[in-house]
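**Q** Okay, structure incoming, though there's no sequence with it:
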């Protein structure tokens, strides 16, 4: 199609390119999106959202260096936008630069301290850095801000299991089940924690109670069979 911008101002043309870029981005046509965002930037080089949007497209193509450059430019133009710091921090985390990740996500939190995703992202960076206490605290904060998001609960559960805090992991799944009793994954996770605690009968019971919630009955029965195989011959459990 031929572009006809004869009666449009520079600002209107830039906005139009940006909107086209967003449309391409939503269609996962990231290369085309980058071309449109670049056109917008060439018209107006001091609009932070244009750089941020192009950074998201670069990130989606795993072109992390270019993404970091664009996020950094957007921050330079608008240093009070928390989303920019969070995106930059998450990108640093993806390439293993956990210190830079924590630093930037912490800046995002200092600007907006009620966004659960920021704490979740920083918790992941802390985890990679081996700072488990800080990671757990951030996952707790994310959960307190949005207890209905399964990923926050599950990520904390994974870390508790890694740290062999099986009792805490089991109790966390009790909380998750109380919030979403129809979620089979929570029952499965609790059975994993109970297994590590040596509470095999309890693990079997909770799976049987939730069996009808599973979309794969055969997998559930296989796990129950596996757990039954761990029971002593007299079917008694160690206390």
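**A** Here it is on my side, so go on. Everything numeric in this text was worked out from a predicted model, so none of it was measured. Numbers count the residues shown, from 1 in each chain.
**Q** So, low pLDDT: which residues of the protein?
**A** 1-6, 234-239 (pLDDT under 70).
**Q** check contacts around the closest residue to residue 55 other than its chain neighbours.
**A** Nearest residue to residue 55, sequence neighbours excluded (C-beta to C-beta, 6 or more residues apart in numbering): residue 70, at 3.4 Å. Heads up, the C-betas are built off the backbone N, CA and C, glycines and all. Contact analysis of residue 70 by C-beta atoms under 8 Å, 6 or more residues apart in numbering lists 51, 52, 54, 55, 58.
**Q** So which of these wins on neighbours?
**A** residue 54 (29 neighbours; other C-beta atoms under 10 Å).
**Q** Give me the domain ranges for the chain.
**A** 10-163, 164-239 (automatic domain parsing).
**Q** Return the most buried member of those.
**A** Ranked by mean neighbour count, these are led by domain 10-163 with a mean of 19 (mean count of other C-beta atoms under 10 Å).
**Q** quick one: the helices in this protein?
**A** 10-26, 30-43, 48-60, 64-77, 82-94, 98-111, 116-128, 132-145, 150-162, 166-179, 184-196, 200-209, 217-228 (DSSP state H).
**Q** that older thread, tell me the one of the contacts of residue 70 nearest residue 108?
**A** Of all the contacts of residue 70, residue 52 has the smallest distance to residue 108: 13.0 Å, by C-beta to C-beta.
**Q** any idea how far residue 209 is from that closest one?
**A** From residue 52 over to residue 209 the distance is 47 Å, taken as C-beta to C-beta, to the nearest Å.
**Q** Not counting sequence-adjacent ones, nearest residue to residue 197?
**A** Per C-beta to C-beta, 6+ apart, closest to residue 197 is residue 166, 4.9 Å.
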